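when you get a sec, could you give me coordinates for this:
(one chain, ligands or ions: 1)
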Amino acid sequence: MAEPEVSDAERELFGGPLRYDVGWSEHEGAHLELTMRSALRSMPGLVGGALRMAWRADRRALLAVVLSEVGQGVAAAVGLLAVNAVMHALLGSGSPGQRVHAVLPGLLVAAGAAVVNSALAGWSTSRAGRLEPLVERVATTQYLAAAASVELEAIEDPEFRRLIDVAQYGAGSARRMIGACVAALNGTISLISTAGVLTVLHPVLLPMLVLIAAPRGWGAMRVAQERYVSVMSWIEHVRAGRLIGNLLTERTAAQEVRVHAVGPFLLSRYERMAESAEAEQERLAAGKAVTEWVAAALSGLALAATYAALFVLISSGHMGLAVAGTAVVAVRSGSASLGALVMNVNQLHEESLYVRDHARFLDEAARRTLPGGGDPVPAQVRQIVLDRVGYRYPDRETPALDGVSLTLPMGSVTAVVGENGSGKSTLMKILSGLLLPQSGTVRWGEADIASLDRSQVFERVTLLTQDFQRWPVTAALNIRIGRPDRAAGPGDLQPSVDYAGAGPVIAKLPDGLRSLLARMFRGASELSGGEWQKIGLARTHWRSSTSDADGVLIVDEPTSALDPEAEIAAFDRIRRLAAPNRAVVLVTHRMSGVRHADRIHVLHHGRLVEHGSHDDLMAARGRYASMFTAQAAQYAPAPVIPRPASPTVADPS
Ligand SMILES: Nc1ncnc2c1ncn2[C@@H]1O[C@H](COP(=O)(O)OP(=O)(O)OP(=O)(O)O)[C@@H](O)[C@H]1O
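You can find the predicted model right below:
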C-alpha cells in the first residue's frame, strides 16, 4: 500500500502526516481480505447480521422484501422459458401465419412475467425504503445510547474517543448494507433462475456465463479495494481539512480570523491540503479507468468465445436455432446479474467493515458502561467522607489526587482552593461519583460509594461548573433541565429565576422564559457569558429545590463571567443553598468568595496541605494566606503609580 504524500500544509499545521490510527490499524489487513473468495466466505455472516437488524426494525417489511425478491426470480425464469417457447414457435415448422399464432401464448406469458416482475420490484423498493431508515435509526440509537451511558473515564480516554469517532459511520453503512443485501438477494435469485434455464438448454452454457461475468467481478473488486484503502489512509487528512474549513466559519474563531488575519492563512493551507486530496482522487480515477477497461476487454473476449461456441454447437447440430436464440438472451441477462451480484457482494463487504467498527464500539461501551444496580443510597447520610482518596489519570505518571481526606457535613459550606492543575476538578469528579477512587474510599454516611447504585448517587448531586452546558433550547427548559423528568410551568420556575437574580435577563428576552436560546436557529436570542451563568445558577436552584434527600451541591468556578456586584451576590446565594439536607462544596480562584466558608481546604499537587477557617489559615501564614494576600494586594491603593521610563508612543501634546 502506498503511503499518501504529506502536504507541506499538513506538516506546518499538524507537525506531520495525519493517520487514521485505531480504525486504520483494525482495517490494515482488510484490503488483503477484500478478495472475491473472502467476500463470498463472509457473505452468510454479513447477510445474517444485516437481516437480524432489519428483523428487529420491522419484520413485516423484511418478509415483504424477501417475498418480492423471490417472486422476481421466479418471474424471470418463467419469462426466459416463455422466450424459449417463442423461439421454438418462430423457428419451428408450419406456415408464417401458423407460426405467428403459435408465438402468441409464449409472448403473452413473457409479457405477463415482465409485468409481475416490475410490480414486485416496485413493492420491494417501497418496503426496502422503509427498512433502510429504520435500520439506520436502530443503529444510531444504539450508538448514542451506548455513548451516553459509559463511565466518564471512557469519555476522557483518547483511545475510546477515537473509537466513538470511527463508529459513527456504522449506522449509515448499516443502512446501505440493507440496500446491498436486497440487491444481492435479487442478483442471486435471478442468477439461479437464469443458470437453471441455461443448464436445461445446454450444459456448456453455464461455464460460459461465468467466464463472461468473472472479469467484471474482478474489476469491481479491484476498484472497491483501492477505494477502500485510499479512504482509510486519507480519512484523517480529509477530517483535518474539514476542521480547517469549519474554523473559518465558526463564531468562536471569527474575531481572531479577522483581526489576526488568520483567515487568509488558514484558507491557503486549506487549499493546499485539498489539492493533495484531489491528486489522490485523480490517481484513483485513472486506476479505475484502466481496471474497468481491462475487465470490459476480457469480458468481451469471453462473450465472443461464447458466441463462437454457440456457432460451433449449431453448425455441428448439437444445438437447435431456437435454443441458441434463448441462450443469447439468457447469457446477456445472466452476465448482467452476475456482474451486479459481484459488485453488491463487494459493497456489502466494504460496508461491513464500518458496521464492524460500530459493533466493536458497542462491545467496548458495554464493557465500560456505568454499572446498574447496587445498594440504595440512604435518605439521610449526615455527612460525606473522603478517606485517603487517590486517583491517577491513565496517561499520567503522577497522581492527580494523593491521599485526600475530608469530611462534608450536611448544612456546611466547604471551599477548595489551589493553584492550576492542583486537582480541584478531579476531586469534584470523585465527589460526584463521576470517577471512582483508585485508592481510599468515598462514603455517603456509612455506605461506600463503590457499592452504591450510581444512578442514585447522581440523583443526590447537583453540579454547577464553569463550562456548564448551554443547551440550545428555551430559557425555561434551560432551567428545568436541571431535573428534566420533573414537569414545570413558568410559575414553578419563578423562584429559581428570582433566586439566581435572573429576572432582568428573562425580562429582556423577546418571549420571556419561552424564548429560544440558540443562535443557530432563526429568531433565537443569545445571552452574554454572565447572563448565562445566572441561568446556570437558576438551574442549580431548581435541581436543589426539587429534592428533600441529603445531597451535595458542587460549584466549580461559578462566577468567572460575573461582574463584581453580581459575583458578591452569587457567592452569597450559593452559601444560602447550604441547607440541613445539603453540603455545599465551592471551588474557586476568587479568594473573596471563600472567606465565609465553614472550612477551607488547600490542594497542592494533588494533596491537601492546609485546612481550617479563613482566620485560622490567615493566622497560619501558609499557602492560603499568601494566595489571599497576593489577590488582596491587587486592590490595595498603590502609593505611587509606576510609569514607564520612556513613553513607547509619542505624546501628541
Ligand atoms: N482527563 C484528563 N486526562 C489526563 N490528565 C488530566 C485530565 N484531567 C486533568 N488532568 C491532569 O490532572 C491534574 C489535575 O487537574 P485538575 O483539572 O483536577 O486541576 P484543577 O486544580 O481543577 O486545575 P484548574 O484550576 O486549572 O482548573 C493536572 O495535572 C491535569 O493536567
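
as a check, name the ranges of all helices in the stretch 101-250 of the chain.
Remark: helices assigned in the stretch 101-250 of the chain by DSSP state H, counting those that start in this stretch are 152-156, 158-167, 170-201, 205-249.

spatially nearest residue to the residue nearest the centre of the chain (excluding sequence neighbours)?
By C-alpha atoms, centre = their mean, the mean C-alpha position of the chain lies nearest to residue 168, the distance being 3.5 Å. For residue 168, the nearest residue in space outside its immediate sequence neighbours is residue 143; the separation is 6.8 Å by C-beta to C-beta, 6 or more residues apart in numbering. Placement of C-beta: from N, CA and C, glycine included.

bridged to the residue of the stretch 1-150 of the chain found nearest the ligand, which residues?
Going by C-beta to the nearest ligand atom, the ligand is nearest to residue 150 of the stretch 1-150 of the chain, at 14.2 Å. In this structure, residue 150 bridges to residue 369 when assessed by DSSP bridges.

so it touches residue 371, yeah?
No: in terms of C-beta atoms under 8 Å, residue 150 does not count as a neighbour of residue 371; the distance is 11.0 Å.

which of these two has more neighbours?
Counted by other C-beta atoms under 10 Å, residue 150 and residue 371 do not tie: residue 150 has more neighbours, with 19 against 11.

domain assignment for this protein?
Per the record, the chain has its domains at 8-27+34-367, 378-460+554-598+607-633, 470-546, by automatic domain parsing.

least confident of those, on average?
Set side by side, these differ in mean pLDDT, and domain 8-27+34-367 is lowest with a mean of 83.

roughly how far does the residue nearest to residue 168 sit from residue 551?
Distance check for residue 143 against residue 551: by C-beta to C-beta, to the nearest Å, it reads 32 Å.

what does the chain put close to the ligand?
156, 393, 395-396, 400, 418, 420-426 (C-beta under 6 Å from any ligand atom).

give me the buried subset of those residues.
Among those, those classed as buried by 16 or more other C-beta atoms under 10 Å are 400, 418, 422-426.

now do the contacts for the closest residue to the ligand within the stretch 151-300 of the chain.
Distances between the stretch 151-300 of the chain and the ligand by C-beta to the nearest ligand atom are smallest at residue 156, namely 3.9 Å. With contact set as C-beta atoms under 8 Å, 6 or more residues apart in numbering, residue 156 has these partners: residue 393.

ok, residue 481 next?
With C-beta under 8 Å, 6+ apart as the criterion, the residues that contact residue 481 are 471, 473, 539.

measure the closest residue to the first one other than its chain neighbours to residue 521 for me?
Distances taken as C-beta to C-beta, 6+ apart place residue 478 nearest to residue 471, at 5.4 Å, with adjacent residues excluded. Here the criterion is C-beta to C-beta. By it, residue 478 lies 14 Å from residue 521.

likewise residue 353?
37 Å.

ok, the two, which is more surrounded?
The residue with more neighbours, out of residue 353 and residue 521, is residue 353; 19 against 10, by other C-beta under 10 Å.

tell me which element the more buried one falls in.
Residue 353 belongs to helix 321-367 when assigned by DSSP states H and E.

could you identify the helix or strand that succeeds that helix?
Elements were assigned by DSSP H and E; along the chain past helix 321-367, the next helix or strand is strand 383-391.

sheet partners, orientation included, of that following strand?
Applying DSSP bridges to the sheet, strand 383-391 is found paired with strand 401-409 (antiparallel), strand 439-444 (antiparallel).

return the set of buried residues in that strand.
Buried residues in strand 383-391, counting neighbours by 16+ other C-beta under 10 Å, are found at 384-387, 389-391.

and the two most separated of the residues of the chain next to the ligand?
Maximum pairwise distance among those (C-beta to C-beta): 21.7 Å, between 395 and 418.

are we agreed that residue 586 is in a strand?
Yes: read with DSSP: H, G, I helix; E, B strand; the rest coil, residue 586 is one of the residues of a strand.

neighbours around it, how many?
Residue 586 is flanked by 27 other residues according to other C-beta under 10 Å.

do residue 106 as well
Burial of residue 106, expressed as a neighbour count using other C-beta under 10 Å, amounts to 19.

that one and residue 113, how far apart?
Applying C-beta to C-beta, the value for residue 106 to residue 113 is 11 Å.

any residues in contact with both of these two?
What both residue 106 and residue 113 touch, as defined by C-beta under 8 Å, 6+ apart, is the set residue 82.

which residue comes closest to residue 319 once chain neighbours are left out?
Distances taken as C-beta to C-beta, 6+ apart place residue 313 nearest to residue 319, at 3.9 Å, with adjacent residues excluded.

let me fix that, I meant to ask about residue 79.
Nearest in space to residue 79, with sequence neighbours left out and distances taken as C-beta to C-beta, 6+ apart, is residue 113 at 3.7 Å.

which SSE is the residue lying closest to residue 470 once chain neighbours are set aside in?
The shortest distance from residue 470 to any non-neighbouring residue, by C-beta to C-beta, 6+ apart, is to residue 532 (5.6 Å). If you go by DSSP H and E, residue 532 is part of helix 529-545.

send me the helix or strand just after that helix as CSV with only the CA atoms.
Past helix 529-545, further along toward the C-terminus, the next helix or strand under DSSP H and E is strand 551-556. This file holds the C-alpha atoms of strand 551-556, laid out as CSV (Å, rounded to 0.1, in the frame of the first residue of the first chain):
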residue,chain,number,x,y,z
GLY,A,551,-27.2,15.5,48.9
VAL,A,552,-24.2,17.6,47.8
LEU,A,553,-24.0,20.8,45.7
ILE,A,554,-20.8,21.2,43.8
VAL,A,555,-20.0,24.6,42.4
ASP,A,556,-16.8,24.9,40.3
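
now for strand 551-556, which elements pack on it?
Judged by 3 or more C-beta pairs under 8 Å, 6 or more residues apart in numbering; DSSP states H and E, the packing partners of strand 551-556 are helix 424-431, strand 461-464, helix 529-545, strand 582-587.

same question for the third one: list its buried residues.
When you say that, I think you mean helix 529-545. Across helix 529-545, burial judged by 16+ other C-beta under 10 Å covers 530-545.

and those residues, which is closest to residue 226?
In terms of C-beta to C-beta, no member of the buried residues of helix 529-545 lies closer to residue 226 than residue 532, at 50.0 Å.
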